[in-house]
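>>> after the sequence you'll find the predicted model.
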Amino acid sequence: MLRFSVTRIPVQVRPTFWITIILLGLQNGLGGRGLAAWTVAVFIAVLLHEMGHAWSARLAGADSIDVQLYFLGGVTVWSAPDPIPPQRRLGVAAAGSGIGIVAGLIAWIPMLALDLPSDLHVFIRSFVFAALVWGVLNWVPIRSLDGGVMVSSFLEWVFPRRGKLLAESILFGFGVVAVAASLAFGQLLLALIVGFFGLSGAGVMIEELRSWRDDRRLADDWSRLDDLHRTGSFEEAAVLAERISADATSATQRNKAHEEAVRNWYLAGLLDRAVQASDAWEDADHFASWVAVQAYLDAGRALDVQRLATAGVVTEPVLAGPLAVVDVMMDNQRRLNELINRFPDALASYLPMKVSDRIGPLDPHSRRQIVRLFDRLPTIPLVQRIGALLEAGLADEALALIEAEPPTPDLQALRAQALALLGLDDQAERILLELADAQPTVTAQVVAMRIGRLDLAERLGERLIAGGGPGLHVVLYNHACVASLTGRRSQAVERTRRAIDEGFGVVRSLNFDPDIAEIREDPAFPRLRSAAWEAQQLAIEQPAPG
């Protein structure tokens with residue numbers, strides 16, 4: 001298999017592509033240099049077509065793009081961190097043939113105007129045929145061709161609610177007409193090919209019709225579920241989602257309801273129920289998304305995460321981190337390398353956090369193995385690198401990095417943690433006391449908690465709260481953790497409430513962080529969690545500065 005990159009987009013050319021193109025050339029009576037000219041011209045035309053898709057996908061916001069050439073053409077696979085609107089998907093679908101048609105028309109000019117050598121004439125003629133003729137045919141509105149995607153995207157753009165059903169109905173109807181026309185002209189092979197592609201959407205059309213009926217029949221239930229979810233009534237939302245999944249007749253609606261059940265059980269802090277809902281989701285022949293992967297990972301069910309990954313259904317960047325953790329635990333170096341090459345930014349933001357995460361199944365060995373990956377992810381900040389080394393118990397390596405840098409309050413705090421790990425408690429305490437009096441930081445507050453000096457963590461928290469600042473919600477949450485760890489429930493609840501008022505909205509931490517466990521026994525906890533959820537939604541909806 002031939003592999004290379006064009007503008008940093010990976011391209012794979014499978015042997016079936018060369019075999020098919022060469023056989024077509026031989027069938028047309030080409031041989032020798034003429035066959036070589038034909039093969040190269042078609043290769044360039046098809047590659048240009050797929051790069052048109054790839055470049056437009058990148059402009060539309062895709063951050064993961066792969067191009068593969070095989071048989072008579074190819075495919076461009078892409079994904080984006082955020083949903084791509086239908087008008088942009090329409091542009092991506094049209095761009096492949098569009099760039100090919102323009103290039104074919106330009107190449108046609110010298111073929112008509114100049115007396116070219118025979119080999120060059122064959123090359124240009126072949127390129128024009130592959131780029132122009134195949135490009136126009138690709139815009140025919142048949143399902144699986146670019147034209148089918150264009151029709152579907154356009155109608156979803158114009159009719160957001162029912163565009164998919166309308167598109168599938170039109171494409172199926174066009175397929176029926178095309179098959180009938182082919183048979184009328186005695187083109188049996190063409191009828192079979194058109195029928196295979198054009199009528200393959202019958203099942204999709206029926207599914208969209210069922211989904212449309214479910215939308216109307218279950219509209220009130222979905223509206224109530226959205227209200228429950230938005231206000232933080234997660235258990236009620238999960239129960240309702242499971243009822244909707246049982247009542248729905250369409251796979252689309254059942255799949256959506258299963259996902260809502262998993263998500264709301266997880267947000268309710270009921271990990272066992274979230275995992276059970278994930279199992280039910282798979283039993284219904286659907287594949288779970290990131291929330292099920294995270295639930296399986298937090299529950300220590302690495303084999304389930306591995307199974308989902310092997311099924312090839314978890315390719316989004318948001319899943320790269322959890323999959324990398326599982327690959328480390330299972331020593332799956334092959335896919336780990338693929339994830340690092342494909343999603344370096346996602347891993348650089350997720351893995352340092354996961355190493356220091358107090359929630360989840362990571363053992364010391366796995367933490368150390370993850371830290372070893374950091375050299376391949378150079379965008380991870382130094383403080384996070386050192387913090388991860390300390391969480392993995394690699395105090396000597398952390399100290400070596402700290403000593404090589406100019407001293408800062410955060411690095412001094414991490415130095416105290418390293419010294420404590422090495423048994424030098426007095427030196428560690430002295431550093432934290434100096435920071436508490438002179439330059440308190442959130443890092444120092446966390447370090448004091450990590451090494452068990454809760455009195456110092458309390459003192460650092462008080463100094464930081466008195467000083468205020470943009471990270472006050474984190475300081476207050478840590479302050480609540482100190483109260484929780486020392487058994488002061490009422491103070492922990494009050495400090496958590498203040499943290500939420502300042503913008504803290506990490507529901508997962510409230511549900512599962514062992515440092516804050518005390519508040520989960522308090523009757524006020526459900527209200528706190530709902531308030532945190534509202535704070536999280538506000539943070540998501542608030543536009544970025546500038």
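All right, it came through fine.

>>> any low-confidence regions in this protein?
The model of the chain has pLDDT under 70 over residues 198, 200, 282-290, 308-317, 360-361, 538-546.

>>> and the strands in it, which stretches?
Applying DSSP state E to the chain gives strands spanning 2-6, 9-13, 64-70, 73-79.

>>> looking at the ones you listed, which is nearest to Gly423?
strand 64-70 (46.0 Å; Cβ to Cβ). No exception for glycine: its C-beta is placed from N, CA and C like everyone else's.

>>> how much space separates Arg497 from Ser490?
Arg497 is 11 Å from Ser490, where distance means Cβ to Cβ, to the nearest Å.

>>> what do you get for Asp215?
The spacing between Asp215 and Ser490, counted by Cβ to Cβ, is 47 Å.

>>> so for the two, which residue has more residues nearby?
A side-by-side neighbour count of Asp215 and Ser490, using other Cβ atoms under 10 Å, places Asp215 first with 17 against 12.

>>> report the buried residues of stretch 450-459.
Neighbour-count burial for stretch 450-459, with 16 or more other Cβ atoms under 10 Å as criterion, is recorded at 450-451, 453, 456-459.

>>> please apply the same query to stretch 354-369.
354-357, 359, 362, 366-369.

>>> so Gly195 versus Ala181, what's the distance?
11 Å.

>>> what of Trp38?
For Trp38, the distance to Ala181 - Cβ to Cβ - is 30 Å.

>>> same check on Val293?
From Val293 to Ala181 the distance is 47 Å (Cβ to Cβ).

>>> now the residue located most distally from the centre of the chain: how far from His121?
Seen from the C-alpha centroid of the chain, the residue lying at the greatest distance (Cα atoms, centre = their mean) is Asp115, 53.3 Å away. Using Cβ to Cβ, we find Asp115 at a distance of 9 Å from His121.

>>> who's in contact with His534?
I think there's a mix-up here, since residue 534 is Glu and not His. 231-232, 505 (Cβ atoms under 8 Å, 6 or more residues apart in numbering).

>>> of those, buried ones?
Buried residues within these, counting neighbours by 16+ other Cβ under 10 Å: 232, 505.

>>> in TSV, list the contacts of Glu534 along with distance to Leu297.
Converted to TSV, those look like this (distance: Cβ to Cβ, whole Å):
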residue	distance to Leu297
Thr231	27
Gly232	23
Gly505	21
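
>>> looking at the contacts of Glu534, which is nearest Asp279?
Gly232 (25.2 Å).

>>> for that closest one, what are phi and psi?
Main-chain dihedrals, Gly232, degrees, to the nearest 10: phi 80, psi 20.

>>> name the nearest residue to it, sequence neighbours excluded.
Using Cβ to Cβ, 6 or more residues apart in numbering and skipping residues adjacent in sequence, the residue nearest Gly232 is Ser530, 2.9 Å away.

>>> next: Ala167.
In space, and not counting its chain neighbours, Ala167 is closest to Ser152: 3.9 Å by Cβ to Cβ, 6+ apart.

>>> settle it for me: which of Gly195 and Ala181 has more neighbours?
Gly195 (17 against 13).

>>> the more buried one contacts Gly175, correct?
Yes: the criterion here is Cβ atoms under 8 Å, and Gly195 meets it with Gly175 at 6.9 Å.

>>> mind checking which of the buried residues of stretch 450-459 are in helices?
Counting by DSSP state H, those place 450, 456-459 in helices.

>>> next, count neighbours for the nearest residue to Arg3 once chain neighbours are set aside.
Distance criterion Cβ to Cβ, 6+ apart; nearest residue to Arg3, sequence neighbours excluded, is Gln12 at 5.5 Å. As a burial measure, Gln12 scores 15 neighbours (other Cβ under 10 Å).

>>> Ser233 too?
Quick note: Ser233 (other Cβ under 10 Å) scores 18 neighbours.

>>> repeat for the one 10 residues further on
Other residues within reach of Arg243 by the criterion other Cβ under 10 Å amount to 15.

>>> I'd say it and Leu218 touch.
No: taking Cβ under 8 Å as the definition, Arg243 is not a contact partner of Leu218, at 9.6 Å.

>>> would you mind listing the residues touching both of the two?
By Cβ under 8 Å, 6+ apart, no residue touches both Arg243 and Leu218.

>>> returning to that earlier point: pipe the strands of the chain into a markdown table and attach distance to Thr443 per row.
A markdown table is the format used below for those (distance: least, Cβ to Cβ, whole Å):
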| stretch | distance to Thr443 |
| --- | --- |
| strand 2-6 | 40 |
| strand 9-13 | 39 |
| strand 64-70 | 33 |
| strand 73-79 | 35 |
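
>>> which of these sits most buried?
strand 64-70 (a mean of 20; mean count of other Cβ atoms under 10 Å).

>>> dump that strand to CSV, restricted to CA.
The C-alpha trace of strand 64-70 is given here as CSV (Å, rounded to 0.1, in the frame of the first residue of the first chain):
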residue,chain,number,x,y,z
SER,A,64,-9.0,14.8,11.5
ILE,A,65,-8.9,14.0,7.7
ASP,A,66,-7.8,10.8,5.9
VAL,A,67,-7.9,10.1,2.2
GLN,A,68,-8.0,6.6,0.7
LEU,A,69,-8.0,5.6,-3.0
TYR,A,70,-9.3,2.2,-4.0
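
>>> give me the contact list for it.
The contact list for strand 64-70, computed with Cβ under 8 Å, 6+ apart, reads 6, 9-14, 16-17, 43, 46-47, 50-51, 53-54, 57-58, 74-80, 315, 317, 342-343.

>>> same question, stretch 381-390
351-352, 355-356, 367, 370-371, 374, 395, 397-398, 401-402, 405, 410-411, 414, 417-418, 421, 443, 450.

>>> what's around Thr16, how many residues?
Residues near Thr16, counting by other Cβ under 10 Å, number 12.

>>> residues contacting it?
Contacts for Thr16 (Cβ under 8 Å, 6+ apart) come out as 70-71.

>>> from Trp38, how far out is it?
Taken as Cβ to Cβ, the span from Thr16 to Trp38 is 17 Å.

>>> also Arg217?
From Arg217 to Trp38 the distance is 56 Å (Cβ to Cβ).

>>> who has more neighbours, these two?
Shown here are Arg217 and Trp38; by other Cβ under 10 Å, Trp38 has more neighbours (25 against 13).

>>> I'd say that one and Ser126 touch.
Yes: the pair Trp38 and Ser126 qualifies as a contact (Cβ under 8 Å) at a distance of 4.5 Å.

>>> from memory Arg415 sits against Leu401, does it?
No: using Cβ under 8 Å as the test, Arg415 is too far from Leu401 to be in contact (10.1 Å).

>>> quick one, which of these two is more surrounded?
A count of neighbours by other Cβ under 10 Å puts Arg415 above the other of Arg415 and Leu401, at 22 against 16.

>>> number of nearby residues for Val239?
16.

>>> again with Asp437
10.

>>> kindly report the same for Leu336.
21.

>>> that one and Val239: what is the separation?
38 Å.

>>> identify the residues contacting Gly104.
45, 127-128, 130-133, 135 are the contacts of Gly104 under Cβ under 8 Å, 6+ apart.

>>> quick one: which of the residues you listed sit in helices?
45, 127-128, 135.

>>> show me which pair in these is furthest apart.
Pairwise distances among the ones in helices among the contacts of Gly104 were taken by Cβ to Cβ; the largest, 11.3 Å, belongs to Phe127 and Gly135.
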